[in-house]
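I need the structure of the sequence given here:
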Amino acid sequence: MQYTISYIFCTKNRLNFLKYNLEKLIQILRPEEEIVVVDGESTDGTQAYLSNLFEAGKIHQYISEPDRAQAHGWNKALLMANGLIIKKIIDDDIFDYTSIRKCAEYMIANPKVDIVISNDLTSRLTDYKTIYRNSHVSEFEKWAKKQIKSFWFGDIHTLIRKKSLAIFGLYNLEYVMMDWEYSLRISYLQSNIVYYTGYNALSVYHENSVSGQKNDKLIAQQTKKAIDFYDYQHPVSLWSKVKIAIGKMIFAKSKLNTEPNQLIDINSIYNTLQLEIEEINRSGNYKFISRDSY
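Residues are numbered from 1 along each chain as shown. The predicted structure follows:
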């Protein structure tokens, strides 16, 4: 069956976070949409939970096996997706599906668009009432005007046309900051990117989030390599540094142990954040900006 949107998950040993996002999505899933889950052979009950969902027909595709790297798991999910449009769903972040569907409808109506990106929101588990807003519009404008050859944007906020994978490919397993390298590659290859000024997702940082566990030495090495290859003018964006710093601060100060969800009411916090992103999107006058606008 050809689906309009494939929502893809890649997870390992973060069952309570995964449950929130999966169960939220299952409740509102449309018949023309599918859910694909790749599990990295979790040991916290995730395998049994996902197997039950799959057998009940609540998720469409599911595998559990070791991954060589995080990028490997996401690549498997990208290849498994049967939808015209692919939306990456990170298990511990918040997503506005009304906004996501609006972007998918735009892409379906405009078949030459390879990818839609959006503004982003960020919060942290230990201070979830503070929400940061960030925009990449200025970098997108410079890129659209051919003033720069590549720019950075987070893949949590993106929708990808599946057939456009033939243009920019899959994630590079060598990169720790895989979404950073991926965005530089996508923009460097002059993919048809459209910018949505609303918000598809809200990143939630905590002790076990990926940004809190970056290896500074590897980042420095990989940054230099990407600068040379993609003619990138800003080695690691200020916002990227801020996000990594937030993650490291949480790791250093919060000390939530390996399972912060045991000490914090995940559902209560995430329900609050879900209402926040939905209200932000309802209260704004957002639009799509194509590179042809410049």
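
Who are the contact partners of the most centrally placed residue in the chain?
Compute the mean C-alpha point of the chain, and by Cα atoms, centre = their mean the closest residue is residue 156, 1.8 Å away. Applying Cβ atoms under 8 Å, 6 or more residues apart in numbering to residue 156 gives the contacts 88, 90, 93, 120, 179, 200, 201, 203. The way it works is simple: take the backbone N, C-alpha and C, and place the C-beta from them, glycine included.

That one and residue 2: what is the separation?
25 Å (Cβ to Cβ, to the nearest Å).

sorry, back to before: separation between the residue nearest to the centre of the chain and residue 96?
Counting by Cβ to Cβ, the separation of residue 156 from residue 96 is 12 Å.

backbone phi and psi for the residue nearest to the centre of the chain, please?
Main-chain torsions, residue 156, degrees, to the nearest 10: phi -60, psi -20.

Just give the nearest non-adjacent residue to it, would you?
Counting by Cβ to Cβ, 6 or more residues apart in numbering, residue 156 lies nearest to residue 201, which is 4.7 Å off, once chain neighbours are set aside.

Surely the one you found touches residue 96?
Yes. With contact defined as Cβ atoms under 8 Å, residue 201 reaches residue 96; the gap is 7.1 Å.

Which helix or strand lies directly C-terminal to the least confident helix or strand in the chain by mean pLDDT?
Across the helices and strands of the chain, mean pLDDT, DSSP states H and E gives its lowest value to helix 238-253, namely a mean of 46. Heading C-terminal from helix 238-253, the first helix or strand you meet, by DSSP states H and E, is helix 266-282.

Can you give the contact residues for that following helix?
By Cβ under 8 Å, 6+ apart, the residues outside helix 266-282 that reach it are 16-17, 20, 24, 94-96, 98-99, 121, 123, 125, 128-129, 131, 198-199, 201-202, 204.

List the buried residues of that helix.
Buried residues in helix 266-282, counted by 16 or more other Cβ atoms under 10 Å: 266, 269, 270, 273, 274, 276, 277, 278, 280, 281.

In CSV, list the residues you listed along with pLDDT.
Below are the buried residues of helix 266-282 laid out as CSV (pLDDT from 0 to 100):
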residue, pLDDT
266, 91
269, 95
270, 96
273, 97
274, 97
276, 97
277, 98
278, 97
280, 97
281, 97
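
Name the nearest of the residues you listed relative to residue 229.
Nearest to residue 229 out of the buried residues of helix 266-282 is residue 277 (Cβ to Cβ; 34.4 Å).

Now do the buried residues in the strand ranked longest in the chain.
Identified as the longest strand of the chain according to DSSP state E is strand 193-205. Using 16+ other Cβ under 10 Å as the test for burial, strand 193-205 gives 193, 194, 195, 196, 198, 199, 200, 201, 202, 203, 204, 205.

my guess is the fourth one contacts residue 113, does it?
What it means is residue 196. No. If you go by Cβ under 8 Å, residue 196 and residue 113 don't touch, sitting 10.8 Å apart.

Could you name every residue contacting both of these two?
Residues touching both residue 196 and residue 113 (Cβ under 8 Å, 6+ apart): residue 106.

Can you give me the domain assignment for the chain?
Using automatic domain parsing, the domain parsing of the chain gives 1-91, 92-294.

Least reliable of those by average pLDDT, please.
When the domains of the chain are compared by mean pLDDT, domain 92-294 comes last with a mean of 84.

tell me the phi and psi of residue 45?
phi 100, psi 0.

swap in the one 4 residues further on?
Dihedral angles of residue 49 (phi, psi; degrees, to the nearest 10) stand at phi -60, psi -50.

out of the contacts of helix 266-282, which are inside strands?
94, 95, 121, 123, 198, 199, 201, 202, 204.

And those, which two are furthest apart?
Of all pairs in the ones in strands among the contacts of helix 266-282, the most separated under Cβ to Cβ is 198 and 204 at 18.5 Å.

From residue 116, how far off is residue 137?
Going from residue 137 to residue 116 by Cβ to Cβ gives 14 Å.

which one of those two has more residues nearby?
Higher neighbour count among residue 137 and residue 116: residue 116, with 27 against 12, using other Cβ atoms under 10 Å.

What strands flank the helix or strand hosting the more buried one, and is each parallel or antiparallel?
Per DSSP H and E, residue 116 falls inside strand 115-124. Strand pairing for strand 115-124, using DSSP bridges, gives strand 132-134 (antiparallel), strand 159-161 (antiparallel), strand 193-205 (parallel).
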